[in-house]
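Novice: Predicted model, plus sequence, below.
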Amino acid sequence: MAEKYDEVERSMGICSYASKCNGFAAVLKARYSDFVVHEVDANGNVARLTSLDNNLKEKDDTVAKPIDVEMKGIEDTSKKRTADAIAVKNDSEEEAKKAKLSNNDENELAATSLDSGSALSEIQVKLSVLLEDEIVKQIMDMISSWESQKGAESTNEKPFPPPKGVQDGEKFITLPLIENKETRRGIHMLIKSDLVKPFAAADTVDKKVRIWHVLFEKQMPNYGKFVKDDRFKKPKKPKKEWPCDRPDFLKFILYKENIDTGTAARDIARTIRLPPKGNRFNKGGSGQVGYCGMKDKRGVTSQYCTVYRKTPLDLMVLNRERKNKYGGGNSSRQGKSLLRVGHFSYVDRDLRLGQLQGNRFDIILRNVCVGEICAPNEERISRTTEVLQKAALSMKDVGFINYFGMQRFGKFHDTHKVGIEILKGNFEEACEIIMRLKDEEDERAKVPRKKWAERFVGINLEDERSAKDAEMKCAQIVVKQLGRFMNCETSIVSSLSRKPRDYKKAFGSIAKHMRSMFLHAYQSYIWNKAASHRIAEGGKCGVRCGDLVLVEDKGLKDGGNGTSGLKGKAVSEVTQDDIETCKYSISDVVLPLVGSKIVYPTDSTGDYIESLLEEDGLSKDHFERIGDRELAVGGDYRKVMCKPFDVESQIKVYKDPVQPLIQTDLMGVQNEPLHCIDVTTDADQSQAAQGEKIIIGMVIGFTLPPSAYATVALRELMKRPTSSTYQSELSLEGDCEANVGKVKKQEATKVNSTVGITIGAALK
């Protein structure tokens with residue numbers, strides 16, 4: 001089948017294919033579980049979840065104490081007593097205690113009375129330092145009276161209850177007005193001391209201190225509100241101390257379905273109660289979940305993560321959170337988001353973005369169609385298998401043009417346009433692009449956008465005060481109508497509800513990584529256009545004079561930046577001598593991501609980049625000075641061609657259009673089988689051809705370096721667009737491309753017929 005192009009992709013610069021191998025039609029990402037990703041760490045280890053158990057098997061539920069290294073060799077013989085011996089001792093001690101209580105009640109009460117008497121004498125002495133003798137006598141008489149009554153009527157088994165119907169004058173003594181604040185403070189401190197608080201309590205009313213007997217303290221108006229002693233504190237759980245011989249970070253594999261990495265990290269932090277970023281207990285970012293790369297929401301992914309000073313038992317609560325035991329990969333319907341963790345180990349350092357070699361992809365392509373679908377089943381399977389295997393081999397040998405995928409430009413393909421306005425310093429237009437009406441959105445999301453677009457209707461914009469009032473009122477209404485995931489829009493409108501017409505401040509209220517995304521989108525847009533120009537002008541195989549080649553690319557271990565950034569990278573310009581000696585190949589050629597610190601190629605591609613900037617009203621100087629001081633665009637270099645490695649493929653025959661064709665990690669843990677036939681080899685093809693209705697699918701697996709797009713690799717494999725516009729028109733059964741273009745034709749027919757009716761009515 002001939003290669004196909006898509007106007008949406010073309011508008012983003014995605015215009016060429018690397019090879020001329022025949023393509024095929026297939027449905028990509030029909031279900032989120034059709035896109036399986038396993039992270040490959042810096043040491044080449046692939047993140048695969050094979051168990052949900054605690055592989056460390058520690059006593060995490062006990063209070064950990066620091067280990068004294070010097071005492072490790074000394075054996076504590078006291079801990080060798082058996083549980084039975086301890087139980088016998090406890091029983092005997094309990095019986096002795098009961099006997100002592102029953103036989104010595106009178107002696108104990110007498111001893112208590114003696115202790116109370118000496119304590120009261122000491123209290124009287126301390127009160128005399130602060131108060132007049134007459135007032136001290138009244139206080140001591142009140143306390144002694146109730147203590148005598150309590151001692152006479154209470155026993156160990158039945159304590160003296162607070163009496164009822166007692167007059168206020170008998171419950172407390174009100175002291176004369178004391179103007180000196182320090183004296184009042186001294187009285188309260190004395191009453192709160194360990195000596196006095198078993199007998200009395202105090203409060204202050206109109207600067208007059210009242211001394212209460214402790215029997216009536218619960219009747220005090222402010223009882224328990226301001227008292228900070230231990231009587232009113234809830235018992236705290238014992239703090240777990242981190243063992244000094246254990247590394248600070250817990251590393252684990254995070255398995256997730258239908259949720260992006262950022263959201264998953266926030267859910268984990270909330271579940272295990274990590275301190276928020278910026279908290280004083282968050283040491284060096286330790287309160288966050290560390291990870292090496294962002295993984296998309298729509299997929300099933302496994303990746304390495306770290307958390308600070310947590311144990312496996314802290315995280316394993318995540319394995320019990322969801323009702324769906326097996327995840328969405330085992331069903332024929334879409335599932336909810338799901339998180340699982342496992343494979344724990346303690347490490348000295350947390351993970352950071354870029355600390356990975358790449359990602360392993362296993363992707364399902366459904367309802368593969370090659371030629372006529374009316375051919376006999378066995379012939380269809382044989383022909384399709386041949387085409388698919390050739391296409392997979394071609395992608396392995398030739399690779400693909402290393403375009404930035406469509407997801408780089410946002411759901412509505414306009415993020416790069418925001419980037420243009422930021423570089424121009426036109427923040428009002430940048431906010432307007434983010435807020436404007438999107439045709440592809442549902443009606444509920446369009447409501448606040450329409451209201452925002454009409455905020456100045458009937459307002460004279462030359463009257464700045466009226467314009468500010470109109471925008472503020474509109475913003476206060478619209479901010480309540482915006483959807484949960486409209487983060488940029490919410491930030492802008494919230495800011496304008498407080499500072500109307502200040503668009504620079506409104507744009508600055510968006511999270512920094514999101515603001516950077518708009519600039520990166522424009523860099524990607526220019527790069528894609530330049531790559532298509534370079535392939536069209538210079539070919540897909542050799543190098544030419546003026547090309548840039550990467551001669552140094554240090555990784556993180558060697559002092560480089562890793563996946564992105566200029567640190568550790570160096571380029572050289574290809575000369576005629578390099579061409580004659582075949583020093584470089586197309587796999588060495590790079591193109592710059594426009595910025596303030598990069599070198600541009602000196603061939604026609606460099607001139608083409610400048611012309612693209614001019615079309616957008618920009619120049620290289622705009623990258624030197626950006627209105628947003630928090631953002632910087634130094635630039636980077638990206639290889640023109642990318643070759644996947646470890647390419648593998650399987651051809652599957654199945655009957656349910658949405659049944660699982662690949663086993664996810666969670667399905668493997670739960671031993672969930674697949675119900676499809678692998679026809680990659682000729683031996684199984686005759687069996688699979690039986691029956692009237694069959695659907696052919698492909699499972700393609702490959703590993704890509706960081707920042708390479710799997711969707712772009714699939715575009716090369718199928719010679720078909722990967723844009724959502726094209727994919728939404730494909731069918732999961734029958735002729736895959738039967739409906740492609742029909743929706744647009746029907747809409748065009750409706751428009752034309754409407755126009756015809758209008759014209760006809762006008763002629764009448």
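Specialist: That came in fine, so what should we check first? Numbers count the residues shown, from 1 in each chain.
Novice: all strands for the stretch 151-300 of the chain, in order.
Specialist: Taking DSSP state E, counting those that start in this stretch to define them, one finds strands in the stretch 151-300 of the chain at 172-174, 200-205, 208-213, 249-257, 290-291, 300-308.
Novice: Repeat that for the stretch 351-500 of the chain.
Specialist: In the stretch 351-500 of the chain, the strands defined using DSSP E, counting those that start in this stretch lie at 356-369, 400-401.
Novice: As JSON lines, the ones you listed with distance to Glu454, mean neighbour count and mean pLDDT would be great.
Specialist: The way it works is simple: take the backbone N, C-alpha and C, and place the C-beta from them, glycine included. Converted to JSON lines, those look like this (distance: least, C-beta to C-beta, whole Å; neighbours: other C-beta atoms under 10 Å; pLDDT from 0 to 100):
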{"stretch": "strand 356-369", "distance to Glu454": "43", "mean neighbour count": "23", "mean pLDDT": "94"}
{"stretch": "strand 400-401", "distance to Glu454": "43", "mean neighbour count": "22", "mean pLDDT": "95"}
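Novice: Dihedrals phi and psi, Gly425?
Specialist: Note on Gly425: its backbone torsions stand at phi 80, psi 10 [degrees, to the nearest 10].
Novice: OK, contacts around the nearest residue in space to it that is not next to it in sequence?
Specialist: On the basis of C-beta to C-beta, 6 or more residues apart in numbering, the spatially nearest residue to Gly425 that is not a chain neighbour turns out to be Gly627, at 4.0 Å. Applying C-beta atoms under 8 Å, 6 or more residues apart in numbering to Gly627 gives the contacts Ile422, Gly425, Phe427, Lys504.
Novice: okay, the residue nearest to the first one when sequence neighbours are not counted: pLDDT?
Specialist: Leaving aside its chain neighbours, Ile422 sits nearest to Ala430 (5.5 Å; criterion: C-beta to C-beta, 6+ apart). At Ala430, the pLDDT value in this model is 95.
Novice: How many residues are close by Ala430?
Specialist: 28 (other C-beta atoms under 10 Å).
Novice: Name all residues that make contact with it.
Specialist: Residues counted as contacts of Ala430 (C-beta under 8 Å, 6+ apart) are Val418, Glu421, Ile422, Tyr503, Phe507, Phe518.
Novice: For Lys150, state which of these is nearest.
Specialist: The shortest separation between Lys150 and any of the contacts of Ala430 is 71.6 Å, and it belongs to Phe507 (by C-beta to C-beta).
Novice: was I right about that closest one contacting Gly425?
Specialist: No. Phe507 sits out of contact with Gly425 when judged by C-beta atoms under 8 Å, with a separation of 10.6 Å.
Novice: So between the two, which is more surrounded?
Specialist: Per other C-beta under 10 Å, whichever of Phe507 and Gly425 has more neighbours is Phe507, with 24 against 14.
Novice: Now that one: which helix or strand?
Specialist: The secondary structure element spanning Phe507 is helix 503-508 (assigned by DSSP states H and E).
Novice: contact partners of that helix?
Specialist: When contacts are taken as C-beta under 8 Å, 6+ apart, the neighbours of helix 503-508 outside the stretch itself are 422, 427-428, 430-431, 491-492, 495-496, 499, 515, 627-628, 630.
Novice: Give me the residue at the spatial middle of the protein.
Specialist: Relative to the mean C-alpha position of the chain, the nearest C-alpha, by C-alpha atoms, centre = their mean, is the one of Gly262, at 1.8 Å.
Novice: When you filter the contacts of helix 503-508 down to buried only, what's left?
Specialist: Ile422, Phe427, Ala430, Cys431, Ser491, Ile492, Ser495, Leu496, Lys499, Arg515, Gly627, Asp628 (16 or more other C-beta atoms under 10 Å).
Novice: Farthest pair within the residues you listed?
Specialist: The most widely separated members of the buried ones among the contacts of helix 503-508 are Ile422 and Lys499, with 18.8 Å between them, by C-beta to C-beta.
Novice: which residue lies farthest from the center of this structure?
Specialist: If you look at how far each residue of the chain sits from its centre, by C-alpha atoms, centre = their mean, the farthest one is Glu134, at 69.6 Å.
Novice: so which helix or strand takes in it?
Specialist: With secondary structure defined by DSSP H and E, Glu134 is part of helix 133-153.
Novice: For that helix, C-alpha coordinates in PDB please.
Specialist: Once side chains and other backbone atoms are set aside, the C-alpha atoms of helix 133-153 remain, and they are given as PDB (Å, rounded to 0.1, in the frame of the first residue of the first chain):
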ATOM      1  CA  ASP A 133      -0.800  35.800 103.800                       C
ATOM      2  CA  GLU A 134      -4.600  36.100 104.200                       C
ATOM      3  CA  ILE A 135      -5.100  35.100 100.500                       C
ATOM      4  CA  VAL A 136      -2.700  32.200 100.900                       C
ATOM      5  CA  LYS A 137      -4.600  31.000 104.000                       C
ATOM      6  CA  GLN A 138      -8.000  31.100 102.000                       C
ATOM      7  CA  ILE A 139      -6.400  29.100  99.200                       C
ATOM      8  CA  MET A 140      -4.900  26.500 101.500                       C
ATOM      9  CA  ASP A 141      -8.100  26.100 103.500                       C
ATOM     10  CA  MET A 142     -10.100  25.500 100.300                       C
ATOM     11  CA  ILE A 143      -7.600  22.900  99.000                       C
ATOM     12  CA  SER A 144      -7.100  21.200 102.500                       C
ATOM     13  CA  SER A 145     -10.900  20.900 103.000                       C
ATOM     14  CA  TRP A 146     -11.500  19.100  99.700                       C
ATOM     15  CA  GLU A 147      -8.400  16.900 100.100                       C
ATOM     16  CA  SER A 148      -9.600  15.800 103.600                       C
ATOM     17  CA  GLN A 149     -13.000  14.900 102.300                       C
ATOM     18  CA  LYS A 150     -11.500  13.100  99.300                       C
ATOM     19  CA  GLY A 151      -9.100  11.100 101.500                       C
ATOM     20  CA  ALA A 152     -11.900  10.100 103.800                       C
ATOM     21  CA  GLU A 153     -14.400   8.900 101.200                       C
END
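Novice: mind listing what's buried in it?
Specialist: When burial is assessed from 16+ other C-beta under 10 Å, helix 133-153 yields the following buried residues: Ile135, Val136, Gln138, Ile139, Met140, Met142, Ile143, Trp146, Glu147, Lys150.
Novice: who does that helix touch, helix- and strand-wise?
Specialist: Judged by 3 or more C-beta pairs under 8 Å, 6 or more residues apart in numbering; DSSP states H and E, helix 133-153 is in contact with helix 105-130, strand 172-174, strand 208-213.
Novice: Where among these is average confidence lowest?
Specialist: Looking at those, the weakest mean confidence is helix 105-130, a mean of 68.
Novice: Return the distance of the residue farthest from the centre of the chain relative to Pro176.
Specialist: Computed as C-beta to C-beta, to the nearest Å, the Glu134 to Pro176 distance reads 10 Å.
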